[in-house]
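S.K.: No sequence on hand, only this structure:
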């Protein structure tokens, strides 16, 4: 399911499936995109930040068009203990690889991968990003 911002409308709560992973998309060319994500973060339960939230930053292939500093995004991810994926959705190979990576993250967050929990996966992603 896709939403442009949070909170989600409450009138359909009874029909909404369980939420296993929240992916906040940030277009690096749009400061409005970052502000929308920052405003939406207040509506996410704190328990989700234990491995069930990630930030997907798009448009990274065009550095000269950036309106947002990657440093600001990294600080945001660090503050919320959540991983960041940088990608360029206009390139098919990168788009497919990113979709596969997100799908694998979703499978782990949904508890469909034996031996992995969302929290352990999140810690692995943070440790690899720190190296």
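M.R.: Right, received. Where do you want to start? Fair warning: this is a prediction, and the values are worked out from it, not measured in the lab. Residues are numbered from 1 along each chain as shown.
S.K.: Does anything pack onto the longest helix belonging to the chain? Which helices or strands?
M.R.: Criterion DSSP state H: the longest helix present in the chain is helix 92-109. For helix 92-109, the packing partners by 3 or more Cβ pairs under 8 Å, 6 or more residues apart in numbering; DSSP states H and E come out as strand 53-58, strand 84-87, helix 118-130. The C-beta positions use only the backbone N, C-alpha and C, and glycine is treated the same way.
S.K.: so how far is that helix off the chain centroid?
M.R.: With Cα atoms, centre = their mean, to the nearest Å as the basis, helix 92-109 stands 11 Å off its chain's centre.
S.K.: neighbouring contacts of it?
M.R.: Residues from elsewhere that reach helix 92-109 (Cβ atoms under 8 Å, 6 or more residues apart in numbering): 20-21, 23, 51-52, 54, 56, 85, 87-89, 113, 116-118, 121.
S.K.: re the thing from before, out of the helices and strands packed on helix 92-109, point me to the one whose mean pLDDT is lowest.
M.R.: Mean pLDDT values for those show the minimum at helix 118-130, a mean of 62.
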